[in-house]
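Novice: All I have is the shape, not the residue letters:
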């Protein structure tokens, strides 16, 4: 049973435009959400996070939005740059749990 | 430089031949964990450790063992590898629970 789902395996965006990556979850006990970025032959690296008490968190070009009623998380990248081409994983955890639950990943390609 | 170091990066072995994947972190993190990444399934937790001599099972622990004799090291042991353990493995650590994880570069294992 996949508790965290990224339904788009891939996304292609023009350089300079907005990239929107989506993530849905089923466990209402999740209280902390993260996005990781992964380049080929490297481990995932932390990008941005949000706790369930907020609905938005920004860090430079990256903004994460949380819609708790819809159990939906999204990552906005504005403007998109070629270096943003990577696989993006969303992840979630609940208080007291000892693991992050990851989505399947979305491969983002930024076209020049 | 703060990092999580995994070795080896690539490993090809045969069914039944015991192997160990090493993991070491230099950030004095309490929490360490092993994940495997498989196509379409994202990252799934194998085992985790809250501190020295404290380990517990994740979602897919069958066929794996771990130990945490020192804070910095968390090796993954496959006593009798099977082809269904062919996967990309990541070690990760964090200061607390399963929050902002720092990942190693990964170990690509093939079991023939």
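Specialist: Great, that's in hand. Computed from a predicted model, the values in this text were never measured in an experiment. Numbering: from 1, shown residues only, chains lettered A, B, ... in the order given.
Novice: Residue A:36 - nearest residue in space that isn't next to it in sequence?
Specialist: Closest residue to residue A:36 apart from its sequence neighbours, by Cβ to Cβ, 6 or more residues apart in numbering or on different chains: residue A:44 at 3.9 Å. Where you see a C-beta, it was placed from the backbone N, CA and C, and this is true even at glycine.
Novice: For residue 89, give me its contacts.
Specialist: Going with chain A. A:6, A:35-38, A:44, A:102-103, A:105, B:42-43 (Cβ atoms under 8 Å, 6 or more residues apart in numbering or on different chains).
Novice: other chain: chain B
Specialist: B:6, B:21, B:34-37, B:46, B:76, B:106-109.
Novice: Kindly write the PyMOL command that selects the buried subset of the residues you listed.
Specialist: Buried members of the contacts of residue B:89, defined by 16 or more other Cβ atoms under 10 Å in any protein chain shown, are picked up in PyMOL with:
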select buried, chain B and resi 6+21+34+35+36+37+46+76+106+107+109
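Novice: nearest to chain A, of the contacts of residue B:89?
Specialist: Closest to chain A out of the contacts of residue B:89 is residue B:106 (5.5 Å), distances taken as Cβ to the nearest Cβ.
Novice: That closest one against residue B:9, yeah?
Specialist: Yes. Judged on Cβ atoms under 8 Å, residue B:106 makes contact with residue B:9 at a distance of 7.2 Å.
Novice: on that earlier part again, show me which of the contacts of residue A:89 is closest to residue A:76.
Specialist: residue A:35 (10.5 Å; Cβ to Cβ).
Novice: Identify the bridge partners of residue A:13.
Specialist: Residue A:13 has these beta-bridge partners by DSSP bridges: residue A:110.
Novice: Is it in contact with residue A:81, as I believe?
Specialist: No. Residue A:13 is beyond contact range of residue A:81, at 10.2 Å (criterion: Cβ under 8 Å).
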